[in-house]
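Participant: Here you go, sequence then predicted model.
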Amino acid sequence: MVRAVVFDVGETLIDETRIFSRWADRLDVPRGTFLGLVGACAATDRPLADAFSLARPGLDLHAEMARWALEDPEGLRENFDADDLYADVRPALAALREAGLAVVVAGNQPPQARAALEAMDLPVDSIRTSDEWGVEKPAPEFFARVADLAGHPASQIAYVGDRLDNDVLPAADAGMRPVLIRRGPWGYWHATRPEAARVDVVDSLHELLALLTR
């Protein structure tokens, strides 16, 4: 029986379209081109950083982020806010909590992400990031931290994410119930792969309550 549901962040809760669009503007490439490069990385199992290096060869991403912060300290830049939440997030999370399930957010995110998520006043019990823990998915240690945070054995936890490789298959290896959401570049591609037969696949977070409590 599932007693806790843990969510990834990017393309699970947060629509990253605006983030990638701002990056396209920053790198002076058409938005469609940059979004296409992100999709190409998803389709070919290349790291997301390759989209940036393809758009601007030789780019030092961390240095560019630092310059951007100096030039536009009050802007969102590579960050997100409540306007980037997918429409199903608040009602779906609220329904899970009302059903008595613990609801947790834990993903690979930079330091500022937790504050951004907490400012949204989401119906969740806990929020943590890889930066706080000093360990990232798909490392088993990350999912051990998830279980500790959720307060339930791994066998009673569902982990919801948009990637097979980084999210749901490592969660399954940790003993959790894996749920792939088919959205975002990785979600759509990964739902077509043979490994997706090992996991539950949903098109909306609204499907979770019936899936996990039946």
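Facilitator: Cool, got the structure. Numbering: from 1, shown residues only.
Participant: Name the residues of stretch 18-36 that are buried.
Facilitator: Within stretch 18-36, the residues that qualify as buried are 19-20, 22-24, 26-27, 29, 34-35, counting by 16 or more other C-beta atoms under 10 Å. Placement of C-beta: from N, CA and C, glycine included.
Participant: Toward the C-terminus, what is the element adjacent to the longest helix seen in the chain?
Facilitator: The longest helix of the chain (DSSP state H) is helix 31-43. Using DSSP states H and E, the helix or strand that follows helix 31-43 towards the C-terminus is helix 49-55.
Participant: Give the other helices and strands that that next one contacts.
Facilitator: helix 17-27, helix 31-43 (3 or more C-beta pairs under 8 Å, 6 or more residues apart in numbering; DSSP states H and E).
Participant: So what touches the first one?
Facilitator: The one in question is helix 17-27. The contact list for helix 17-27, computed with C-beta atoms under 8 Å, 6 or more residues apart in numbering, reads 30-31, 33-35, 38, 52, 55-56, 59, 64, 68, 76-80, 83-84.
Participant: Can I have the buried ones of these as a ChimeraX selection?
Facilitator: Buried residues among these (16+ other C-beta under 10 Å), as a ChimeraX selection:
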select :34,35,38,52,55,64,68,78,80,84
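Participant: Endpoint to endpoint, stretch 12-20 covers what distance?
Facilitator: 15 Å (C-alpha to C-alpha, to the nearest Å).
Participant: How far does that stretch sit from its chain's centre?
Facilitator: Taking the mean C-alpha point of stretch 12-20 and that of its whole chain, the gap between them comes to 9 Å (C-alpha atoms, centre = their mean, to the nearest Å).
Participant: next one: stretch 137-146
Facilitator: The mean C-alpha position of stretch 137-146 is separated from the chain mean by 14 Å, C-alpha atoms, centre = their mean.
Participant: what do you get for stretch 39-51?
Facilitator: With C-alpha atoms, centre = their mean, you get 15 Å for stretch 39-51.
Participant: just the CA coordinates of stretch 127-143, formatted as CSV?
Facilitator: Taking C-alpha atoms only, stretch 127-143 is exported to CSV below (Å, rounded to 0.1, in the frame of the first residue of the first chain):
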residue,chain,number,x,y,z
ILE,A,127,10.3,20.0,0.2
ARG,A,128,14.0,19.1,-0.3
THR,A,129,16.6,19.5,-3.0
SER,A,130,19.7,17.6,-4.1
ASP,A,131,21.7,20.7,-3.3
GLU,A,132,20.7,20.5,0.4
TRP,A,133,21.5,16.8,0.6
GLY,A,134,24.7,16.9,-1.4
VAL,A,135,23.6,13.9,-3.5
GLU,A,136,21.7,13.8,-6.8
LYS,A,137,19.5,11.3,-8.6
PRO,A,138,20.0,8.7,-9.8
ALA,A,139,22.3,7.8,-6.9
PRO,A,140,20.8,5.3,-4.5
GLU,A,141,21.7,7.6,-1.6
PHE,A,142,19.2,10.2,-2.9
PHE,A,143,16.3,7.7,-2.7
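Participant: Now do the buried residues in stretch 103-114.
Facilitator: Across stretch 103-114, burial judged by 16+ other C-beta under 10 Å covers 103-109, 113-114.
Participant: actually stretch 124-131, sorry about that
Facilitator: Buried, per 16+ other C-beta under 10 Å, within stretch 124-131: 124-125, 127-130.
Participant: Please apply the same query to stretch 179-197.
Facilitator: 179-187, 189-191, 196.
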